[in-house]
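Asker: sequence and computational prediction follow.
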Amino acid sequence: QVQLVESGGGLVQAGGSLRLSCAASGRTFSNYPMAWFRQAPGKEREFVAAISRSGGSTYYKDSVKGRFTISRDNTKNTVFLRMNILKPEDTAVYSCAAGEYGLGLRTRTQDYNYWGQGTQVTVSS
C-alpha cells in the first residue's frame, strides 16, 4: 500500500507559476512510476505528466509540454510538478498517482493503483 499526499496548490494569476509536491509513504517509492492527473469541474480526469521509476524518462500531455516539468526525488519519496506560464484552462484539482505496471509510461487512470486526495489549482485571467 502507498499513501500519497499532495500540496502546493493555490490561486495564481495567468502567466504565473506553482510547484506541486506529492509525498509518498508506505512501500519503496522508487518501485513506482508516478504521474499527475487533473480534473476540472464537469470534466473527466485527464493525464498531465508521468515519470519513470528512476526519473530518467518523462511524458507529457501535449498542452502542457514546455510549460510543466515533472520530477522526483527518490531520497525524499516525493514527486513534483513545476507549472509555469499557467493559463485559466489549467484550473483543476491536481492529483498524483502511483502505478505498478511494467516498462514504459502510461496515461490511463486505470493503470495507476494509488491516488492522493488532490490539491486545487485555480488560475485567474
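Answerer: Nice, I can see it.
Asker: from here on, just use CA atoms for contacts and neighbour counts.
Answerer: Fine.
Asker: any regions of the chain where pLDDT drops low?
Answerer: Counting by pLDDT under 70, the chain shows no low-confidence range.
Asker: find the residue at the geometric middle of it.
Answerer: W36 (2.1 Å; Cα atoms, centre = their mean).
Asker: so who does the residue lying closest to E6 once chain neighbours are set aside touch?
Answerer: Closest residue to E6 apart from its sequence neighbours, by Cα to Cα, 6 or more residues apart in numbering: C22 at 4.2 Å. Applying Cα atoms under 8 Å, 6 or more residues apart in numbering to C22 gives the contacts L4, V5, E6, S7, T78, V79, F80, C96, G116.
Asker: can you check M83 too?
Answerer: Contacts of M83 by Cα under 8 Å, 6+ apart are S17, L18, R19, L20, R67, F68, T69.
Asker: farthest-separated two in those residues?
Answerer: Pairwise distances across those (Cα to Cα) peak at 13.6 Å, for the pair L20 and R67.
Asker: so between the two, which is more surrounded?
Answerer: More crowded of L20 and R67, by other Cα atoms under 10 Å: L20, with 21 against 13.
Asker: go ahead and confirm that one touches R72.
Answerer: No - look at L20 against R72 with Cα atoms under 8 Å: they stay out of range, at 11.3 Å.
Asker: which residues do those two both contact?
Answerer: Shared contacts of L20 and R72, counting by Cα under 8 Å, 6+ apart, come down to F80.
Asker: about what we covered before: what strand or helix carries the residue nearest to E6?
Answerer: Applying DSSP states H and E as the criterion places C22 in strand 18-26.
Asker: may I have that strand exported as PDB, CA atoms only?
Answerer: Extracted C-alpha coordinates of strand 18-26, given in PDB (Å, rounded to 0.1, in the frame of the first residue of the first chain):
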ATOM      1  CA  LEU A  18       3.200  27.000  -9.000                       C
ATOM      2  CA  ARG A  19       5.100  23.900  -7.800                       C
ATOM      3  CA  LEU A  20       3.100  20.900  -6.600                       C
ATOM      4  CA  SER A  21       4.500  18.300  -4.400                       C
ATOM      5  CA  CYS A  22       3.300  14.700  -3.700                       C
ATOM      6  CA  ALA A  23       4.800  13.000  -0.700                       C
ATOM      7  CA  ALA A  24       4.600   9.200  -0.600                       C
ATOM      8  CA  SER A  25       4.800   6.800   2.300                       C
ATOM      9  CA  GLY A  26       4.400   3.100   2.700                       C
END
